[in-house]
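Enquirer: Here is my input, please return the structure:
(2 chains)
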Number of protein chains: 2
Amino acid sequence: MACGEFSLIARYFDRVRTARLDVETGIGDDCALLNVPEKQTLAISTDTLVSGIHFLPDIDPRDLGYKALAVNLSDLAAMGATPAWLTLALTLPEVDEAWLAAFSDSLFEQLSYYEMQLIGGDTTRGPLSMTLGIHGLVPVGRALKRAGARPGDWIYVTGTPGDSAAGLAILQKQLQVSDAQCADYLVQRHLRPTPRVLQGQALRDRASAAIDLSDGLISDLGHILKASDCGARVELNDLPLSEQLRSVTTLEQAQRWALSGGEDYELCFTVPELNRGALDVALGHLGVPFTCIGQVMPPSEGMQFVRDGEPVTLNWKGYDHFKTA
Amino acid sequence: MACGEFSLIARYFDRVRTARLDVETGIGDDCALLNVPEKQTLAISTDTLVSGIHFLPDIDPRDLGYKALAVNLSDLAAMGATPAWLTLALTLPEVDEAWLAAFSDSLFEQLSYYEMQLIGGDTTRGPLSMTLGIHGLVPVGRALKRAGARPGDWIYVTGTPGDSAAGLAILQKQLQVSDAQCADYLVQRHLRPTPRVLQGQALRDRASAAIDLSDGLISDLGHILKASDCGARVELNDLPLSEQLRSVTTLEQAQRWALSGGEDYELCFTVPELNRGALDVALGHLGVPFTCIGQVMPPSEGMQFVRDGEPVTLNWKGYDHFKTA
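Expert: Residues are numbered from 1 along each chain as shown, chains lettered A, B, ... in the order given. Here you go, the predicted model:
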């Protein structure tokens, strides 16, 4: 079985860099066995990445290993959970050892950084794709949900949305950028988004609702509003845009990418007026900007966009695989 | 977004037939939130099914919905765990509503039968495949593992291995069977294997090691022996073969399918001499045959096959996706 499924898994993925105390049995039995600590709730999310849809077919396997984990960590971050365990189901067209080594090295580097353990998975032959199952822990009753926003709460985002979409446009040669440093920054924001794990944890007990930006602000803020039965007013001039994004395109395109570009993996969250001081303290020392971009409104107001206080009409939608693929 | 990803998921998969008390938040947020009961260990397994490899491309979506869950349940059964939650990552080439309705109806029927809840997932466009993440619960310290077999323990299997491989041969028109009832029985054993969930639970504290038969007895018993650092002697005449299997092929082919055919999803387990009486009581009333097929030996003996006590040499291997696909 030199090139067989089992030795393939064993060789690249059966290495435990982080042996967590809550893992009773990891890879190598019919199931993994895990002991959830007392007074912790388990948070679980699953994401599939398909070649040609979620990543470019010629992506560097190191970037893929990074991003596959990052997009799943981002879901934990949006709940305020602490990362714990990962399952990886990998479908490969062939056994390419250099590819597997690069992909798995990169994945394990990130797992180690977050003190996570790979607890199981599956390797099958087929068109390149992967499904990750991520498991995190959050103290009972303190998870951030989408459904807690109330009219009057303030709407925030971390970081500078829109960078990832610009980076993708550069990779796809739809956007020419002469400044190499600037192009590199934007491409890296697309290839190596930072899941806002610490920010999510700091938002516990402070934010009333949270989500991560995978499909674009319009779509994702829309999920919070729908779950919370609220409307919102967003001030376009307050959207935090990076210098780099501003320097490579028009203000309108930059705002469009910020609102509907997708794959930023920043957090969007709502905060009651009373918690704004605590929020500044909790997020202020984490080194990532966070910006108030609007306010939650009664549901009758829908999702409104204003520029200098004047209503504007946008026809941009969030990303939807079955419509745009 | 009439045909979009979100409404597609919502329509077919966001129905809760079983609302479990341990599910705090199910589908519809960034993560599901689950509360593991005290003194229970979490068992997690992940399996991917790819069209053309794990199922025939023209499979009835009802059979696929059944089997996708069954093969994952079988992993829980092998640990003695009780099924609890499922995640489903589904990759579809197109939105075929009739297919989705049939697939999801069948899946939910099984979830309901096992009192399980679908807690999350992902739907993406791509070549047909799916990854299921199954979560079960087992009392602390009582999970069945592969590593507990000791020389002298007796080796058992449930049911009649080999039927599934014969059913597949019939579906692939490699085997002609004139008796329609007999053909139907074997095909159903392939399409609708029964995960031995109750048997697995009954084996807690009685079996010293267990595994489910997904790749064939040789391969899967081999995993127990490797994990337990033991050898084994298996008596070919004791292999339980169904009447139907015996009636459609030679004894040799029947034994070959029983040992290396794969996809039976029966349990193979080892039992210390002292526990055999308790085993008969615990499994006896569950209505599925269980048969002693051999004995665990010291590691120096390797895996031996005997016929009427005389050693025989077999060159059959278990199923390996990357070798046989």
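Enquirer: Do you have the helices of the stretch 101-250 of chain A handy? List them.
Expert: A:163-171, A:180-191, A:197-203, A:217-228, A:243-248 (DSSP state H, counting those that start in this stretch).
Enquirer: pLDDT score assigned to the closest residue to A:Arg206 other than its chain neighbours?
Expert: Of all residues beyond its chain neighbours, the one nearest A:Arg206 is A:Asn275 (4.7 Å), with distances taken as CB to CB, 6 or more residues apart in numbering or on different chains. All C-beta atoms are positioned from the backbone trio N, CA, C, and that covers glycine. On the pLDDT scale, A:Asn275 is placed at 98.
Enquirer: just checking, A:Asn275 touches A:Ala202?
Expert: No. With contact defined as CB atoms under 8 Å, A:Asn275 does not reach A:Ala202; the gap is 11.6 Å.
Enquirer: which one of the two has more residues nearby?
Expert: Neighbours per residue (other CB atoms under 10 Å in any protein chain shown) separate A:Asn275 from A:Ala202, with A:Ala202 holding more: 21 against 18.
Enquirer: Quick one: classify the residue nearest to A:Arg206 as helix, strand or coil.
Expert: Assigned with DSSP: H, G, I helix; E, B strand; the rest coil, A:Asn275 falls in the helix class.
Enquirer: Return the residues in contact with it.
Expert: A:Arg206, A:Ala207, A:Ser208 (CB atoms under 8 Å, 6 or more residues apart in numbering or on different chains).
Enquirer: List the residues that contact the second one.
Expert: When the contact criterion is CB under 8 Å, 6+ apart, the partners of A:Ala207 are A:Leu144, A:Gly148, A:Phe269, A:Thr270, A:Val271, A:Asn275, A:Leu279.
Enquirer: Widest-spaced pair of the residues you listed?
Expert: Greatest spatial distance in these: A:Gly148 and A:Leu279, 14.4 Å, computed using CB to CB.
Enquirer: out of the two, which sits in the busier spot?
Expert: Legend: neighbour count by other CB under 10 Å for A:Gly148 and A:Leu279, higher for A:Leu279 (20 against 17).
Enquirer: In the helix or strand where the more buried one lies, which of the residues would be classed as buried?
Expert: Here A:Leu279, judged by DSSP states H and E, is contained in helix A:276-284. Under the neighbour-count criterion of 16 or more other CB atoms under 10 Å in any protein chain shown, helix A:276-284 has A:Leu279, A:Ala282, A:Leu283 buried.
Enquirer: How about the backbone phi and psi for A:Thr250?
Expert: phi -70, psi 160 (degrees, to the nearest 10).
Enquirer: Also A:Leu286?
Expert: phi -90, psi 0.
Enquirer: which residues does A:Cys182 contact?
Expert: Counting by CB under 8 Å, 6+ apart, the residues that A:Cys182 touches are A:Gln244, A:Ser247, A:Val248.
Enquirer: With distance to B:Tyr113, neighbour count and pLDDT as extra columns, can I get those in JSON lines?
Expert: Below are the contacts of A:Cys182 laid out as JSON lines (distance: CB to CB, whole Å; neighbours: other CB atoms under 10 Å in any protein chain shown; pLDDT from 0 to 100):
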{"residue": "A:Gln244", "distance to B:Tyr113": "55", "neighbour count": "20", "pLDDT": "97"}
{"residue": "A:Ser247", "distance to B:Tyr113": "59", "neighbour count": "13", "pLDDT": "96"}
{"residue": "A:Val248", "distance to B:Tyr113": "56", "neighbour count": "22", "pLDDT": "96"}
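Enquirer: can you list these in a markdown table and add distance to A:Thr194?
Expert: Listed next are the contacts of A:Cys182 as a markdown table, based on distance: CB to CB, whole Å:
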| residue | distance to A:Thr194 |
| --- | --- |
| A:Gln244 | 15 |
| A:Ser247 | 21 |
| A:Val248 | 20 |
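Enquirer: Which secondary structure state is assigned to A:Gln295?
Expert: Three-state assignment for A:Gln295 (three-state DSSP): strand.
Enquirer: Neighbours of it, how many?
Expert: As a measure of burial, A:Gln295 has 17 neighbours, counting by other CB under 10 Å.
Enquirer: next one: A:Leu314
Expert: Count around A:Leu314 with other CB under 10 Å applied: 15.
Enquirer: centre of the chain versus stretch A:76-94, how much separation?
Expert: Here stretch A:76-94 shows a centroid-to-chain-centroid distance of 11 Å under the convention CA atoms, centre = their mean, to the nearest Å.
Enquirer: related to what we said a few turns ago, with respect to chain B, which of the buried residues of helix A:276-284 is nearest?
Expert: A:Leu283 (18.4 Å; CB to the nearest CB).
Enquirer: Could you measure from the closest one over to A:Ala143?
Expert: 18 Å (CB to CB, to the nearest Å).
Enquirer: just A:Thr270 next, same as before
Expert: Counting by CB to CB, the gap from A:Thr270 to A:Ala143 is 15 Å.
Enquirer: Same question for A:Pro93.
Expert: 38 Å.
Enquirer: More neighbours: which of these two?
Expert: A:Ala143 (23 against 11).
Enquirer: Next, the more buried one: phi, psi?
Expert: phi -70, psi 150.
Enquirer: which SS state does A:Pro311 fall under?
Expert: Three-state call for A:Pro311 (three-state DSSP): strand.
Enquirer: For beta bridges, what are the partners of it?
Expert: A:Val306 (DSSP bridges).
Enquirer: Confirm for me that it is in contact with A:Glu301.
Expert: No. Between A:Pro311 and A:Glu301 there is no contact under CB under 8 Å: 10.6 Å.
Enquirer: Comparing those two, which residue is more hemmed in?
Expert: Between A:Pro311 and A:Glu301, counting by other CB under 10 Å, A:Glu301 is the more crowded of the two (14 against 9).
Enquirer: How about the more buried one: what's its closest non-neighbour residue?
Expert: With CB to CB, 6+ apart as the criterion, A:Glu301 has its nearest non-adjacent residue at 3.6 Å, and that residue is A:Gly231.
Enquirer: picking that back up, just give me the closest of the contacts of A:Asn275 to chain B.
Expert: A:Ala207 (12.6 Å).
Enquirer: Excluding covalently adjacent residues, which one is nearest to the closest one?
Expert: In this structure, A:Ala207 finds its nearest non-sequential neighbour in A:Phe269, 4.1 Å apart by CB to CB, 6+ apart.
Enquirer: Buried residues of the helix or strand hosting the one you found, list them for me.
Expert: For A:Phe269, the element it lies in under DSSP H and E is strand A:267-271. Neighbour-count burial for strand A:267-271, counted by 16+ other CB under 10 Å, picks out A:Leu267, A:Cys268, A:Phe269, A:Thr270, A:Val271.
Enquirer: Same question for stretch A:173-186.
Expert: Using 16+ other CB under 10 Å as the test for burial, stretch A:173-186 gives A:Leu175, A:Val177, A:Cys182, A:Ala183, A:Tyr185, A:Leu186.
Enquirer: hang on, the last one packs against A:Ala166?
Expert: Which is A:Leu186. Yes. Using CB under 8 Å, A:Leu186 is in contact with A:Ala166, at 4.6 Å.
Enquirer: can you list residues touching both of those two?
Expert: Contacts common to A:Leu186 and A:Ala166, judged by CB under 8 Å, 6+ apart, are A:Gln244, A:Leu245, A:Val248.
Enquirer: if I pick the closest residue to A:Cys268 other than its chain neighbours, what's in contact with it?
Expert: Excluding the flanking residues, the one nearest A:Cys268 by CB to CB, 6+ apart is A:Val157, at 5.0 Å. Applying CB under 8 Å, 6+ apart to A:Val157 gives the contacts A:Leu213, A:Leu217, A:Leu239, A:Pro240, A:Glu266, A:Leu267, A:Cys268, A:Phe269, A:Phe290, A:Thr291, A:Ile293.
Enquirer: and of these, the nearest to chain B?
Expert: Using CB to the nearest CB, the contacts of A:Val157 come closest to chain B at A:Leu267, 9.8 Å.
Enquirer: Next, the angle from the longest helix anywhere in chain A to strand A:267-271.
Expert: Determined from DSSP state H, the single longest helix within chain A is helix A:61-79. Helix A:61-79 runs at 10 degrees relative to strand A:267-271, counting by axes from the mean of the first three to the mean of the last three CA atoms, to 10 degrees.
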